[in-house]
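Asks: Model the following, please.
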Amino acid sequence: MAEWSGFYPCTCLAVDAQAYGGNNDRRQSEIQHDLPRLLSRAARNTGLDRSQWQIQRKGDEELAVHPMDGTEPRLVDDFVRHLVSELREYNVLRVPSARMRLRAAIHHGPVELADNGFAGSTVVTTARLLSSRHLYDALKAHDGADLALLLSDDVYRSTVAGGHTALASADFRRVVVHEKECEAVAWLRVPGHDAQSLGNGPRADGPATQGPRLPADDNRDSGSMVRNDYRGEQINVNNFTAPVDLRGGVVGFGSTGG
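Replies: Residues are numbered from 1 along each chain as shown. Predicted coordinates:
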């Protein structure tokens, strides 16, 4: 197993079994036995050595961390493909309630081996990506999918956007993750399903940013450009002491007191 001292550039892979808590005791035990086996087979078929990963297990969840060694594109591409294949074979003869469906997240950055696990914001961000509603929503929207994946923006840009995998930008949907203290851009993929139907961000092959969205308002006339939801804190007050050309502008009249 790989060892390192201090903070060292690492890749973090986190996986979690969907709807684990709704299973009975025997099914939960089965998942805990089978999940590491599926991950190990996928890694072996990819040519990755899981014995070199530092692994933290927590029932239906696993966090694997290893120093960055140039294999990250294979993890993002080949490993995920083999894991999907393993899940498909595992689930094919099972009733829907006995399927194993996984949420996964990949991020990279400095990580320290600490006395009680791993330390560093990289690990925290990986955990927040794994908990993102985007993964839950993707599996809910695509009942036939066995895996939903989020790549951090850094991982996406250094592997997929950098052209180091066989994946295309159109395989992903850009989303924004808001989990506790974390607010981050990430890239959502559900292998075998249309990425452009996932989430509510822009297309991966479109603009990277969006303009601000106007708040919904029941009093707004959908056939008009007139808005009736102005708020005092959103209004700039200007005092003019000379003639001003306001052609093409919008002027509101009222008092600053509300």
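Asks: So what's the residue count around residue 98?
Replies: Residue 98 is flanked by 13 other residues according to other C-beta atoms under 10 Å. For glycine as for every other residue, the C-beta is placed from the backbone atoms N, C-alpha and C.
Asks: ditto for residue 47
Replies: When neighbours are defined as other C-beta under 10 Å, residue 47 has 11 of them.
Asks: got a list of what residue 84 touches?
Replies: Contact analysis of residue 84 by C-beta atoms under 8 Å, 6 or more residues apart in numbering lists 146-147, 191-192.
Asks: Confirm it sits in a helix?
Replies: Yes. Inclusion of residue 84 in a helix is indicated when DSSP: H, G, I helix; E, B strand; the rest coil is applied.
Asks: For it, give its distance to residue 145.
Replies: Distance, residue 84 to residue 145, using C-beta to C-beta, to the nearest Å: 9 Å.
Asks: got it, and residue 100?
Replies: For residue 100 relative to residue 145 (C-beta to C-beta), the value is 12 Å.
Asks: are any of the contacts of residue 84 buried, and which?
Replies: Buried members of the contacts of residue 84, counted by 16 or more other C-beta atoms under 10 Å: 146-147, 191.
Asks: could those residues be laid out in CSV, adding pLDDT?
Replies: Shown next, in CSV, are the buried ones among the contacts of residue 84 (pLDDT from 0 to 100):
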residue, pLDDT
146, 95
147, 97
191, 95
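Asks: sorry, back to before: which ones among the contacts of residue 84 lie within helices?
Replies: Among those, none falls in helices (DSSP state H).
Asks: Pick the one among those closest to residue 96.
Replies: Closest approach to residue 96 among the contacts of residue 84 (C-beta to C-beta): residue 146, at 11.7 Å.
Asks: ok, and what's touching the biggest helix by length in the chain?
Replies: Secondary structure of the chain per DSSP H: the longest helix is helix 25-46. Outside helix 25-46, the residues that touch it by C-beta under 8 Å, 6+ apart are 15, 17, 20, 23, 49-50, 57, 59-60, 62, 64, 74-75, 78-79, 82-83, 85-87, 90, 98, 100.
Asks: one step back: of residue 100 and residue 145, who's got more company?
Replies: residue 100 (22 against 19).
Asks: residue contacts, the more buried one?
Replies: 17, 31, 34-35, 38, 87, 90-91, 146.
Asks: Now the longest helix of the chain: average pLDDT?
Replies: Regarding helix 25-46, the rounded mean pLDDT is 92.
Asks: ditto for stretch 153-167
Replies: 97.
Asks: Give me the distance between the two termini of that stretch.
Replies: 15 Å (C-alpha to C-alpha, to the nearest Å).
Asks: Turn the contacts of residue 100 into TSV, including distance to residue 159.
Replies: As requested, those are exported to TSV (distance: C-beta to C-beta, whole Å):
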residue	distance to residue 159
17	25
31	29
34	28
35	24
38	22
87	22
90	26
91	27
146	22
